[in-house]
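In: model the structure of this input:
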Amino acid sequence: MPPDYSEELRLGAAGGRRIAGLDEAGRGPLAGPVFAAAVCLRLDALPSDLRDGLDDSKKLTAEKRERIAELLPRYAETAVARAEVEEIDRINILQASLLAMRRAAEALGSPPDVALIDGNKAPALACRCETLVGGDGRSFSIAAASILAKVARDAEMLRLALEHPGYGWERNKGYGTAEHLAGLQRLGPCLHHRRSFAPIRLLLVGETAATPCI
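Out: The predicted model follows:
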């Protein structure tokens with residue numbers, strides 16, 4: 001079943017409460033920041049074709065995601081934020097994802113009354129938080145956030161691919177594909193690789209072990 005607005009209505013959106021959907025993109029890749037988005041929808045303001053297009057970002061084509069991401073800020077309050085590779089390596093990817101979500105929520109024009117969050121962990125926010133496992137496929141607000149976060153992160157990885165060719169980021173977006181792993185073996189990690197992730201950490205350990213002592 002596609003997402004709908006039932007969770008938002010349960011939390012009081014029909015009574016004027018501001019419900020923000022939060023989701024992240026980029027927990028699994030070996031390189032690049034993790035992004036998050038926050039979206040406060042007004043369902044009555046959304047054109048039907050835009051509303052009907054909302055779904056888990058992974059189920060949509062890149063073209064559909066980009067079209068929705070372009071239109072959505074006209075009809076909803078949105079914010080996108082990120083946590084950097086250095087933060088991922090310092091506090092771990094889960095905490096960095098929650099940090100990016102908190103930054104996105106705090107970047108909204110005014111604070112939400114309730115945050116509806118994809119997954120089973122909530123960031124530290126001043127408002128009430130409710131988690132929803134599989135929320136990007138159940139809630140319009142979270143689905144919208146998942147699309148914005150995914151589009152923003154993909155655009156950043158395309159930009160980084162131009163600066164650091166050879167890893168195939170324009171295609172794999174930093175995930176550990178065969179092409180990316182081959183690039184790592186050939187070129188070694190760059191500053192945008194997550195050194196706390198096992199494939200990068202083990203590669204660096206191997207490089208250190210192979211360096212002769214002088």
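In: burial count for Leu108?
Out: 17 (other C-beta atoms under 10 Å). Every C-beta, even on glycine, is put in place using the N, C-alpha and C of the backbone.
In: double-check that it belongs to a helix.
Out: No - per DSSP: H, G, I helix; E, B strand; the rest coil, Leu108 lies outside any helix segment and is coil.
In: and the pLDDT at the residue most central in space within the chain?
Out: What sits nearest the mean C-alpha location of the chain, by C-alpha atoms, centre = their mean, is Ala25, with 2.0 Å. pLDDT, Ala25: 98.
In: identify the residue nearest it in space, chain neighbours excluded?
Out: Of all residues not flanking Ala25 in the chain, Ala149 sits nearest, at 3.9 Å (C-beta to C-beta, 6 or more residues apart in numbering).
In: quick one: mean pLDDT for the helix or strand encompassing that neighbour?
Out: Ala149 is part of helix 140-163 when elements are defined by DSSP states H and E. The pLDDT scores in helix 140-163 average 98.
In: roughly how far does Tyr5 sit from Lys121?
Out: 23 Å (C-beta to C-beta, to the nearest Å).
In: one step back: my read is that the residue nearest to Ala25 contacts Ala36, right?
Out: Yes - using C-beta atoms under 8 Å, Ala149 and Ala36 qualify as a contacting pair, with a distance of 5.4 Å.
In: where do the strands of the protein begin and end?
Out: Taking DSSP state E as the criterion, the chain contains strands spanning 19-25, 34-41, 76-83, 114-118, 128-132.
In: so, low pLDDT: which residues of the protein?
Out: 207-214 (pLDDT under 70).
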